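[1] Return atomic coordinates for the entry below.
(2 chains, ligands or ions: 2)
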Amino acid sequence: MSPEPVQTRIFEEEILSVSDVSLSFGGVKAIQNVSFDIKRGEIRAIIGPNGAGKTSMLNVINGFYHPQEGLIRFKGKARRRMRPSIAAAQGIARTFQNVALFKGMSTLDNIMTGRLPRLEKGIFGEIVNVFLQAAYLGPARRSELEQRKYVEEIIDFLEIQHIRRTPVGRLPYGLQKRVELGRALAMEPELLLLDEPMAGMNLEEKEDMSRFIIDVNDQYGTTIALIEHDISVVMDLSDRIIVLDYGRKIADGTPGEVQSNQAVMDAYLGVPHE
Amino acid sequence: MMFFLEVTISGLMAGVMYSLVALGFVLIFKASGVFNFAQGVMALFAGLTLVGLMEKFGLPPWAGIMATIAVMILLAWLIEFLILRRLVNQEHIILFMATIGLAYVLEGLGDVMWGSDVKLLDIGLPQGAVDWLLDDYNLYVEKLEVAAAVTAVIMVIVLAIFFQKTRIGRALRAVADDHQAALSVGISLRTIWVIVWSVSGIVALVAGIMWGSKSGVQFSLSLIALKALPVLMLGGFTSIPGAIIGGLIIGMGEKWAEIYMGPIIGGAIENWFAYMLALVFLLFRPQGLFGEKIIERI
Ligand SMILES: Nc1ncnc2c1ncn2[C@@H]1O[C@H](COP(=O)(O)OP(=O)(O)O)[C@@H](O)[C@H]1O
Ligand SMILES: [Mg+2]
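    Residues are numbered from 1 along each chain as shown, chains lettered A, B, ... in the order given. Ligands and ions are numbered 1, 2, ... in the order given. This next block holds a predicted model:
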């Protein structure tokens, strides 16, 4: 396994905190009493065996799932239930474990959807805008061009110029994951949730993706929550790690701390639970 | 030859009506995967509301139409608030059932509010035959039908721009493609639903006006929804151009069948011909003319 990063980065400001969250589906307790925080600017990994509740945790954070208990505080505002569209408007973007792209659209159009200004403004504002756009007038047109420019920057950043016009349904899996990252980046998120961004990739693709994640964190200062199975990647990238097992948090700390934690080793080596 | 043209034109004009209703179906199906059984009743309801408002308050046609549009938007909002929002994660069949319920509620509501007798709708659309066609070519074409066709064409162009060029259009296509992903980029399903149901309501109003001007606003209006079904089979449930072309083909085919095959086979062929045509077509192209997906969602 890789050594600990040479320098431990220090982060002060809390961007997200999860307190005593529990979530169950009928009898299945997907998350039990989990608490942790994410600091602004850090890369926070969430690891654990399959079915540990990692994806469910992301779903709670961006409002897909509503936990029965607990509170989530994002940028100082506490809440238990959340609508995904509002989470997005507040600055949370995500990718999915099983790529969720708009298959019928091109790479460019997919990423453009990340720039759809939040429709939360209300229907009437939208209707006015429709007329402006239909007439292709002033503000609407300018803003469309500005959006487009931002998206082109992301396309350059992710090195996917050559597939701009390709319908994403035809792209290989690795590239689809990259487009999905692009769509999330287009939202200019403050918190980016990545659910197994390297699953099913070969070594080279993994290295590319790792580089993009580091660069996003570096250049845009985006806070990242990362679910990943490849332990060496996790150790390399993350500032702190949360370990989940059977819906419970069993460890939380720097890569070094987690690595030397007996409970974690047990969970990973498959020591039977009594 | 003139007679053939006359039959064809009259078929196309009827087809335009079918297209309009089918369009309403397609919009809602694309955005929510729901087959809206109430689409036909919405046309009836819109027609009744328009006549009612004009009679009760002595509104001029344009004001009546504006007020009815407002009512249809309010209705869309209510449907989202009372039904869709609560059934969001249910099976499509449950939502389908809910729209059946909605159809009866709307029918009853129209009845209670405006009475159940056949009403004449006169918003000043031209009546009678187009004179120069009749005089110069001996071709009988109703002015009303021409007006309907022109209106439908304008509607379709406006809708096409709306869905291709605007952000709402992009959002709608995103929702149609992948709900979860659409939510994750911040598209509000609720807003989108209110918008598509409003647009469908307005499309229903146009259909209601056209049909009502021709044969009066009456219950049979809600039955044109049944004619939209073969149109959808032909055009595909998710394709706007499909709904248009499908409507025209069905309208035309139906009229030809009625005139040229009717006397041979026996009466009432216009009642089942559209379904026959659609069924035969389904065997060869189950996804419809322009359909993107096999109809697996209902
Ligand atoms: N929508 C759902 N309905 C029912 N059970 C679910 C749902 N989502 C997750 N679960 C259950 O919750 C548990 C945790 O799943 P998940 O969060 O996907 O784990 P992980 O991402 O760590 O592999 C599993 O037992 C899973 O079956
Ligand atoms: Mg998972």
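[2] residue in chain B nearest to ligand 2?
    residue B:180 (13.8 Å; C-beta to the ion). Glycine gets a C-beta too; all of them are placed from N, C-alpha and C.
[3] wait, does the host helix or strand of residue A:24 contact chain B?
    In this assignment (DSSP states H and E), residue A:24 forms part of strand A:14-25. No. If you take C-beta under 8 Å from any C-beta of the partner chain as the test, strand A:14-25 misses chain B, and the best it gets is 12.2 Å.
[4] now for that strand, which elements pack on it?
    strand A:28-39, helix A:54-61, strand A:69-74, strand A:223-227 (3 or more C-beta pairs under 8 Å, 6 or more residues apart in numbering or on different chains; DSSP states H and E).
[5] could you dump the ones you listed to TSV with mean neighbour count?
    Shown next, in TSV, are the helices and strands packed on strand A:14-25 (neighbours: other C-beta atoms under 10 Å in any protein chain shown):
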stretch	mean neighbour count
strand A:28-39	18
helix A:54-61	24
strand A:69-74	17
strand A:223-227	24
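[6] Run the chain-centre distance for the strand holding residue A:24.
    Relative to its parent chain, strand A:14-25 has a centroid offset of 16 Å by C-alpha atoms, centre = their mean, to the nearest Å.
[7] Mind jotting down where the helices sit in chain B?
    When assigned using DSSP state H, the helices of chain B occupy the ranges B:2-32, B:39-57, B:61-82, B:92-114, B:131-137, B:143-165, B:167-177, B:179-184, B:189-215, B:224-235, B:240-256, B:262-265, B:269-284.
[8] Report the backbone C-alpha coordinates of the fifth one in CSV.
    Once side chains and other backbone atoms are set aside, the C-alpha atoms of helix B:131-137 remain, and they are given as CSV (Å, rounded to 0.1, in the frame of the first residue of the first chain):
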residue,chain,number,x,y,z
ASP,B,131,-65.5,30.3,-51.8
TRP,B,132,-62.7,30.5,-54.4
LEU,B,133,-61.9,26.8,-54.1
LEU,B,134,-65.6,26.0,-54.6
ASP,B,135,-66.1,28.5,-57.5
ASP,B,136,-62.9,27.9,-59.4
TYR,B,137,-62.2,24.2,-58.8
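[9] And it, what's buried?
    residue B:133 (16 or more other C-beta atoms under 10 Å in any protein chain shown).
[10] so how far is that helix from its chain's centroid?
    The answer for helix B:131-137 is 31 Å, by C-alpha atoms, centre = their mean.
[11] Please apply the same query to stretch B:20-28.
    5 Å.
[12] can you check stretch B:102-110 too?
    For stretch B:102-110, the distance to the chain centre is 17 Å (C-alpha atoms, centre = their mean).
[13] Kindly report the same for stretch B:9-18.
    13 Å.
[14] sorry, back to before: okay, the helices of chain B in CSV with distance to residue A:77 and mean pLDDT next?
    Listed next are those as CSV, based on distance: least, C-beta to C-beta, whole Å; pLDDT from 0 to 100:
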stretch, distance to residue A:77, mean pLDDT
helix B:2-32, 30, 85
helix B:39-57, 40, 91
helix B:61-82, 25, 93
helix B:92-114, 33, 89
helix B:131-137, 67, 78
helix B:143-165, 35, 82
helix B:167-177, 25, 84
helix B:179-184, 20, 90
helix B:189-215, 21, 88
helix B:224-235, 45, 83
helix B:240-256, 41, 88
helix B:262-265, 69, 79
helix B:269-284, 53, 84
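[15] can you list the residues of chain A near ligand 2?
    Contact residues (C-beta under 5 Å from the ion) of chain A with ligand 2: A:55, A:97.
[16] let's see 8 Å
    For chain A, the residues found near ligand 2 under the criterion C-beta under 8 Å from the ion are A:50, A:54-56, A:97, A:195-196, A:227.
[17] Quickly name whichever of those is closest to ligand 2.
    For these, the nearest to ligand 2 is residue A:55 (3.2 Å; C-beta to the ion).
[18] Next one: the closest one, what pLDDT does it get?
    pLDDT, residue A:55: 97.
[19] Please name the residues that touch the residue lying closest to the residue of chain B closest to ligand 2 once chain neighbours are set aside.
    Closest residue to residue B:180 in three dimensions, ignoring its sequence neighbours and counting by C-beta to C-beta, 6 or more residues apart in numbering or on different chains: residue A:100, at 5.3 Å. Listed by C-beta atoms under 8 Å, 6 or more residues apart in numbering or on different chains, the contact set of residue A:100 reads A:180, B:178, B:180-181, B:184.
[20] switch the cut-off to 6 Å
    By C-beta atoms under 6 Å, 6 or more residues apart in numbering or on different chains, residue A:100 lies in contact with B:178, B:180-181.
[21] try residue A:113
    B:174, B:185.
[22] ok, it to residue A:38 distance?
    26 Å (C-beta to C-beta, to the nearest Å).
[23] one step back: closest one to residue A:164 among the helices of chain B?
    Checking these against residue A:164 by C-beta to C-beta gives helix B:167-177 as the closest, at 16.4 Å.
[24] so, in contact with ligand 1 or not, stretch B:171-185?
    No. Applying C-beta under 6 Å from any ligand atom, one finds stretch B:171-185 separated from ligand 1 by no less than 11.3 Å.
[25] Can you list the buried residues in that stretch?
    Quick answer for stretch B:171-185 (16+ other C-beta under 10 Å): B:171-179, B:181-185.
[26] Quick one: residues in contact with it.
    A:84, A:94, A:100, A:102, A:104, A:113-114, A:116, B:30-31, B:187, B:192.
[27] now for those residues, which pair is the farthest apart?
    Taking C-beta to C-beta, no two of the contacts of stretch B:171-185 sit farther apart than A:94 and B:30, at 24.5 Å.
[28] who's more crowded, these two?
    For residue A:94 versus residue B:30, the count of surrounding residues by other C-beta atoms under 10 Å in any protein chain shown is larger for residue A:94: 28 against 21.
[29] Tell me who's in contact with the nearest residue to the more buried one once chain neighbours are set aside.
    Spatial nearest neighbour of residue A:94, chain neighbours left out: residue A:193 (3.8 Å); criterion: C-beta to C-beta, 6+ apart. Counting by C-beta under 6 Å, 6+ apart, residue A:193 touches A:58, A:94, A:225.
[30] cutoff 10 Å now
    Contacts of residue A:193 were listed using C-beta atoms under 10 Å, 6 or more residues apart in numbering or on different chains, and they are A:16, A:38, A:44, A:46, A:55, A:57-59, A:61-62, A:87, A:92-96, A:184, A:223-227, B:184.
[31] next one: residue B:131
    residue B:143.
[32] How about the one 10 residues further on?
    With contact set as C-beta under 10 Å, 6+ apart, residue B:141 has these partners: B:5-6, B:9-10, B:13, B:129-130, B:133-134, B:149.
[33] Against residue B:138, how distant is the nearest residue to it once chain neighbours are set aside?
    In this structure, residue B:141 finds its nearest non-sequential neighbour in residue B:130, 4.9 Å apart by C-beta to C-beta, 6+ apart. Distance, residue B:130 to residue B:138, using C-beta to C-beta: 12 Å.
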